[in-house]
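*Asks:* sequence first, predicted model second:
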Amino acid sequence: MASATSNVFSVLVSPAATSIWSDENVPGSFDAASDTWTPGRGSDGRVTKASWALVPFDRWVRVAGTRMDALGAVVAAAMPNWADRGTQGWNGVLKAWSGMAVDASRPRAFFFGGGHHDSSNNGVYRLDLNKMSWAVEKLPTDSTKFDSRYNTSQNGSFTVYPPAQEYQTAHPNDTSVLYDCFYPFAPNEPTARHTYGSLVYNPQRNELFMGCRRMWLLSLDSGQWSVTNQRAALGATSEAGENMFAWWDRFRGRYVINATQNGNAGRNFEFDPATRTCAWSSVNLRAADYYWATAACEHDGVIYAYCRPDSQRTAELQVLDIQSNVATVKAITGVSNDTYSGDFYDGGSLTYVPERQKLLSASLSVALKTMRLYWIDPGSGVMSVASEPGNLYPSPAAYVETKMQYISQLRAVVYIDSADNDLRVMRVG
């Protein structure tokens, strides 16, 4: 049951089930020839245990019927006159330098993207991984209210809303309005944008944090956005512009943004949601020095950042203990030169896989000229090509960001590619 009022899409969510899987006997099917799994689902929509048992270990599997662009019909039903002004449509939400935030307890993932010329769709979308199905978390802003100049021919990006930009220019001392909102008719709703690794789910507050440009919070209880403008405290150089990575520091109650392209050589900053205050951060992570060449992840209170080699630096793995703020650096050898960063590529991904005690990295391959997966042993520093078979290639889009993640309740890695492609999953044995 759902209802739509304005651009808030309210979904009645039942409490998390004791088991993430249904006990009903609906097995679905698995086609070994194509490595395609068609999930069987119980009456409440959850995938059944019998169906999940069909999925083989250590093999990439396509999950049939999981294209995100099926949500187009849901949005059209709720907002018949809504239109995306971008060039990629639903693909622009996923493929255009955007990541995902994972709520491991449900388990579910959230998506917010678009930006540049790719998409003006600023809705928030959810993938329920125990159902292997998509849902609308929050409808996009009503496009019938958009200014006619809201296009990419004038400002190059759907992140910039012309009336808001004009107000900002005319009132430089008023930091409450920036170009990245729908001022004046919806100043508390963010425009579409590339989110890179800045999207974080916070289980302590049941909210989404998005740290690209200004710092935005979406309460999943109320369905409302709020914004904190770090410019007021830190100045214009505190904007996070490209390939940033953010995390929730549960020990100090802070969001931390490891930012690049903010005019301060990638200086880190942080945000306390309880007091709504911003500050430069003393976090001991310099991954932003590598700018576009970094992919990062968090696991069990530790940040891992793989920094690809380029013309100035060799490959390295930065490891930060969040609680102690102690960092170590490990040189990465093996096949790391195959990930050489010579083309400003900033779409890599990284996730920690506990069963292997290794990191799984996705990056453009120098040899293949396409996406490739690699294992990194954080102990030895050796990188090797990931050789798990199955239905993954030639699937992967180049800009993965944080859309490849290990999901603890599934004991599997999920790989979200594009809106017109089914998701991939690999159970880890």
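*Replies:* Everything's here; your move. Residues are numbered from 1 along each chain as shown.

*Asks:* double-check that residue 421 belongs to a strand.
*Replies:* No. Looking at residue 421 with DSSP: H, G, I helix; E, B strand; the rest coil, it is coil, so not inside a strand.

*Asks:* which residues of the stretch 201-350 of the chain fall in strands?
*Replies:* Using DSSP state E, counting those that start in this stretch, the strands of the stretch 201-350 of the chain run over 207-210, 215-219, 225-228, 245-249, 254-258, 269-272, 277-280, 294-299, 302-307, 316-321, 326-331, 333-334, 349-353.

*Asks:* format these as CSV; extra columns: distance to residue 375 and mean pLDDT.
*Replies:* Every C-beta, even on glycine, is put in place using the N, C-alpha and C of the backbone. Shown next, in CSV, are the strands of the stretch 201-350 of the chain (distance: least, C-beta to C-beta, whole Å; pLDDT from 0 to 100):
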stretch, distance to residue 375, mean pLDDT
strand 207-210, 30, 97
strand 215-219, 34, 96
strand 225-228, 38, 94
strand 245-249, 21, 95
strand 254-258, 23, 92
strand 269-272, 32, 92
strand 277-280, 35, 91
strand 294-299, 14, 94
strand 302-307, 11, 95
strand 316-321, 12, 96
strand 326-331, 14, 97
strand 333-334, 9, 98
strand 349-353, 8, 98
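
*Asks:* for those, which one sits closest to residue 367?
*Replies:* Checking the strands of the stretch 201-350 of the chain against residue 367 by C-beta to C-beta gives strand 333-334 as the closest, at 13.7 Å.

*Asks:* and that closest one, what other elements does it pack with?
*Replies:* strand 382-385 (3 or more C-beta pairs under 8 Å, 6 or more residues apart in numbering; DSSP states H and E).

*Asks:* the following helix or strand past the strand it packs on pairs with which strands, and in what direction?
*Replies:* The first helix or strand that comes after strand 382-385 along the chain, using DSSP states H and E, is strand 404-407. If you go by DSSP bridges, strand 404-407 pairs up with strand 412-415 (antiparallel).

*Asks:* who's in contact with the helix or strand just after the strand it pairs with?
*Replies:* Sequence-wise, the next helix or strand downstream of strand 412-415 (DSSP H and E) is strand 424-427. If you take C-beta atoms under 8 Å, 6 or more residues apart in numbering as the criterion, strand 424-427 is touched by 37, 55-63, 388, 390-392, 395, 410-415, 417.

*Asks:* are any of those buried, and which?
*Replies:* 37, 55-56, 59-63, 390-392, 395, 410, 412-415, 417 (16 or more other C-beta atoms under 10 Å).

*Asks:* what's across from the closest residue to residue 297 other than its chain neighbours in the sheet?
*Replies:* Leaving aside its sequence neighbours, residue 297 sits nearest to residue 350 (C-beta to C-beta, 6 or more residues apart in numbering; 4.6 Å). With DSSP bridges as the criterion, residue 350 is bridged to residue 361.

*Asks:* wait, residue 350 touches residue 361, no?
*Replies:* Yes. Applying C-beta atoms under 8 Å, one finds residue 350 in contact with residue 361, separated by 5.2 Å.

*Asks:* mutual contacts of these two, please.
*Replies:* Common neighbours of residue 350 and residue 361, counting by C-beta under 8 Å, 6+ apart, are 295, 306.

*Asks:* before we move on, which element is the residue nearest to residue 100 when sequence neighbours are not counted in?
*Replies:* Spatially, and ignoring its direct neighbours in sequence, residue 100 is nearest to residue 109 (4.6 Å; C-beta to C-beta, 6+ apart). Mapping residue 109 onto the secondary structure by DSSP H and E places it in strand 108-111.

*Asks:* paired strands for that strand, with orientation please.
*Replies:* Partners of strand 108-111 in its sheet, by DSSP bridges: strand 100-103 (antiparallel), strand 124-128 (antiparallel).

*Asks:* who wins for proximity to residue 345 among the ones you listed?
*Replies:* strand 100-103 (19.4 Å).

*Asks:* thinking again about what came up before, now the residue nearest to residue 100: how far from residue 219?
*Replies:* 18 Å (C-beta to C-beta, to the nearest Å).

*Asks:* in terms of neighbours, single out the busier of those two.
*Replies:* It is residue 109, of residue 109 and residue 219, that has more neighbours when counted by other C-beta atoms under 10 Å, with 26 against 13.

*Asks:* what residues are up against the more buried one?
*Replies:* Taking C-beta under 8 Å, 6+ apart as the test, what residue 109 contacts is 100, 101, 102, 103, 126, 127, 129, 405, 414, 416.

*Asks:* in terms of distance to residue 158, which of those residues ranks first?
*Replies:* Set against residue 158, the nearest of the contacts of residue 109 by C-beta to C-beta is residue 100 (19.5 Å).

*Asks:* what residues are bridge-paired with that closest one?
*Replies:* residue 111.

*Asks:* low-confidence ranges in the chain?
*Replies:* 1-18, 241, 260-266, 287-292, 393-395 (pLDDT under 70).

*Asks:* can you pull out the helices in it?
*Replies:* 49-52, 71-78, 91-94, 152-155, 162-170, 231-234 (DSSP state H).

*Asks:* contacts for the second one, please.
*Replies:* Counting by C-beta under 8 Å, 6+ apart, helix 71-78 makes contact with 4, 9, 82, 89, 90, 123, 125, 134, 135, 136, 139, 140, all of which sit outside it.

*Asks:* between it and strand 124-128, how big is the angle?
*Replies:* Relative orientation of helix 71-78 and strand 124-128, computed by axes from the mean of the first three to the mean of the last three C-alpha atoms, to 10 degrees: 130 degrees.

*Asks:* pull out the buried positions in helix 71-78.
*Replies:* For helix 71-78, by 16+ other C-beta under 10 Å, it's 71, 72, 74, 75, 78.

*Asks:* same question, the fifth one
*Replies:* Judged by neighbour count using 16+ other C-beta under 10 Å, the buried positions of helix 162-170 are 162, 163, 164, 165, 167, 168.
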